[in-house]
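Novice: coords below, sequence missing:
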Ligand SMILES: Nc1nc2c(ncn2[C@@H]2O[C@H](COP(=O)(O)OP(=O)(O)O)[C@@H](O)[C@H]2O)c(=O)[nH]1
Ligand SMILES: [Mg+2]
């Protein structure tokens, strides 16, 4: 029974991400967000963690990363609609600005923090934030700050480890064990961790399935 349900979500996830996916909105401030629509899942992580690559792999497109990397948009929340035009939308993906980049000035960090804080605290349709962690590098202080912000905002979040292809099997287990331990005392963290590779495609179908499951639960 359980197994059949999981297979079902995998198929629903595949279908969800095989459909249309369109850029709909960019927000530089929380007073300027798109009107509430279907459930949203947001993606956050340090610069270079592999967020653009993962979003491309997830949606089978290059559009998301291209849009989000447009000059001026890298510091914004970029919204993408899945399933079609307003009315047919089933889910939104939110590409959050990368953090932890040393060359960014204090002012930018402050405006980034404000935008994140406002969005995370006030968004009723936000179902989950996926925090990407580089499988080779593990959790950095800026990731801990992100976890703190999510715990304080009481927003459900889940860790996605990236670049799985760079690690040997034994190393993967170690990384997973360390990550599980790091999340144990964090109240808003979802305990299950997804280990992905945008290059090999490992974990991508699993991620699609968990997003399909999440929105099915939300709509139930
Ligand atoms: N080996 C490997 N490298 C990856 C993977 N995903 C991304 N990268 C590399 O990591 C670097 C940063 O990727 P990018 O997607 O631009 O990261 P972003 O800054 O988080 O958007 C690039 O050189 C990618 O080729 C992966 O799954 N495996
Ligand atoms: Mg990027």
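Specialist: Yep, it's here. In this text the structure is predicted, and so the values were computed from the model without any measurement. Ligands and ions are numbered 1, 2, ... in the order given.
Novice: use CA for all of it now, contacts and neighbours both
Specialist: Fine.
Novice: strands of this protein, residue ranges please.
Specialist: Along the chain, counting by DSSP state E, strands occupy 21-27, 40-45, 77-82, 91-95, 126-134, 157-162, 194-195.
Novice: among these, which is nearest ligand 1?
Specialist: The minimum distance between ligand 1 and the strands of the chain falls on strand 157-162, with 5.7 Å, by Cα to the nearest ligand atom.
Novice: could you report the neighbour count for the closest residue to residue 57 other than its chain neighbours?
Specialist: Once flanking residues are discounted, residue 57 sits nearest to residue 198: 5.7 Å by Cα to Cα, 6 or more residues apart in numbering. Neighbour count of residue 198, defined by other Cα atoms under 10 Å: 21.
Novice: ok, now which ones touch residue 198?
Specialist: 50, 53-54, 57, 162-163, 204 (Cα atoms under 8 Å, 6 or more residues apart in numbering).
Novice: for this structure, what lies in contact range of ligand 1?
Specialist: The chain has residues 47-53, 162-163, 165-166, 197-199 near ligand 1, with proximity defined as Cα under 6 Å from any ligand atom.
Novice: for PyMOL, write the select line for the buried members of these.
Specialist: Of these, the buried ones go into a single PyMOL selection, burial set by 16 or more other Cα atoms under 10 Å:
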select buried, resi 49+50+51+52+53+162+163+165+197+198
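Novice: could you say what helices and strands the worst-scoring helix or strand of the chain on mean pLDDT packs with?
Specialist: For the chain, scoring each helix and strand by mean pLDDT, DSSP states H and E identifies helix 63-68 as the least confident one, at a mean of 77. For helix 63-68, the elements it packs on are helix 51-59, judged by 3 or more Cα pairs under 8 Å, 6 or more residues apart in numbering; DSSP states H and E.
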